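**Q** After the sequence you'll find the predicted model.
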Amino acid sequence: MHRFFKQVSVQNVPEGFAVFLDGRPLKNMADGSKFFLPTFAAAGLIAEEWKALPEEFKPSDFPKTRLMMGAAALKEEERLAVINKIMQAAEADVLCFFARFPTDLVRRQEECWRPLVDRMNAMGCDFEIRQDLSVGGLSDKTQNFLREKLFQKDNIPLACLQILSGIYDSVILAFFVEDGILTAQEAFRLSCLEELYQNEKWTVDEAALSARSRRESDAVSAAEILKAYEDKEKSGG
């Protein structure tokens, strides 16, 4: 695609904030509808992407725009599918699966993971820690807690949580990033605890290292959208 605009701005509209290209509002490319966001910060992320586009660009050059527009256009059945995927991820949350050995790895999991599981359970869940690979499913208490939280989310935060829970293999870490308890990078390192432990003991695979770096970058991007979307500062000041 050829860059067809010169000026990019964020303007206050009745519905919230919208991105304008040469004075014209940017429409949702997923369904052609009006596109607006509840915070200046979230609209600003999209504006920055469009300002940075080269003369010739492709959809992969504006990933945050694609994510937010696609999420905003979700129909009800698609929302339900996203929620179900997050619930499925919760059934196999990586923080709940400890190794049997070596003991120093188990100790590290106890120190790093158990406090987070305990904190999530104190909020209203009852995730169980196990040392085998069997997936026992979620209790009614945990299902009800998670579903209530997820159904309250707008489409864009919901989509970001799906991305984070998929990257981390952990709904617990995704929620704690959303709540500001962990940064995206901290959560990513925690999710890779066993992999990082293995890297300390054996040779690092460069391809795996590159893939891990890309996953971390995607997590940071999703977390940036979450933070901007939920930023209650409703002005450009």
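**A** Now that the structure is in, tell me what you want to look at. Just so it is clear, the model here is predicted, and its values are computed rather than measured. Numbers count the residues shown, from 1 in each chain.

**Q** residue furthest from the geometric center of the protein?
**A** Relative to the C-alpha centroid of the chain, counting by Cα atoms, centre = their mean, Thr103 is the outermost residue, at 31.8 Å.

**Q** State the pLDDT value of it.
**A** At Thr103, the model reports a pLDDT of 96.

**Q** The one 4 residues further on too?
**A** Note for Arg107: predicted pLDDT of 98.

**Q** What is the subsequent helix or strand relative to the helix or strand that contains it?
**A** Assigning secondary structure by DSSP states H and E places Arg107 in helix 103-112. With elements assigned by DSSP H and E, the helix or strand that comes after helix 103-112 is helix 114-122.

**Q** mind listing what's buried in the next helix or strand after that following helix?
**A** Scanning forward in sequence from helix 114-122, with DSSP H and E defining helices and strands, the next element found is helix 140-151. Neighbour-count burial for helix 140-151, with 16 or more other Cβ atoms under 10 Å as criterion, is recorded at 142, 145-146, 149-150. Heads up, the C-betas are built off the backbone N, CA and C, glycines and all.

**Q** Domain-wise, how is this structure divided?
**A** 8-72, 76-229 (automatic domain parsing).

**Q** now these in a markdown table, with distance to Met1?
**A** Formatted as a markdown table, the domains of the chain follow (distance: least, Cβ to Cβ, whole Å):
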| stretch | distance to Met1 |
| --- | --- |
| domain 8-72 | 6 |
| domain 76-229 | 21 |
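
**Q** just to revisit the earlier point, please state the offset of the helix holding Arg107 from the chain centre?
**A** Taking the mean C-alpha point of helix 103-112 and that of its whole chain, the gap between them comes to 26 Å (Cα atoms, centre = their mean, to the nearest Å).

**Q** and it, C-alpha only, in PDB?
**A** Listed next in PDB are the C-alpha coordinates belonging to helix 103-112 (Å, rounded to 0.1, in the frame of the first residue of the first chain):
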ATOM      1  CA  THR A 103      15.600 -30.000  43.200                       C
ATOM      2  CA  ASP A 104      17.100 -26.600  42.400                       C
ATOM      3  CA  LEU A 105      14.500 -26.100  39.700                       C
ATOM      4  CA  VAL A 106      11.700 -27.200  42.000                       C
ATOM      5  CA  ARG A 107      13.000 -24.700  44.600                       C
ATOM      6  CA  ARG A 108      13.000 -21.900  42.000                       C
ATOM      7  CA  GLN A 109       9.400 -22.700  41.100                       C
ATOM      8  CA  GLU A 110       8.400 -22.700  44.700                       C
ATOM      9  CA  GLU A 111      10.000 -19.300  45.200                       C
ATOM     10  CA  CYS A 112       8.800 -17.700  42.000                       C
END
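
**Q** List the neighbours of the longest helix along the chain that are in contact with it.
**A** Once the chain is assigned using DSSP state H, the helix that runs over the most residues is helix 206-229. Applying Cβ atoms under 8 Å, 6 or more residues apart in numbering, the set of residues contacting helix 206-229 from outside is 37-39, 41-42, 44-45, 63-64, 67-68, 154, 156-157, 160-161, 163-164, 167-168, 177-178, 180, 183-185, 187-188, 192, 195.

**Q** repeat that with 6 Å
**A** Helix 206-229 has contacts (Cβ atoms under 6 Å, 6 or more residues apart in numbering) with 41-42, 45, 64, 156-157, 160, 163-164, 167, 177-178, 184, 188.

**Q** same deal with stretch 192-204?
**A** 105, 112.

**Q** May I see the buried residues of it?
**A** Of all the residues in stretch 192-204, those buried under the rule 16+ other Cβ under 10 Å are 192-193, 197.
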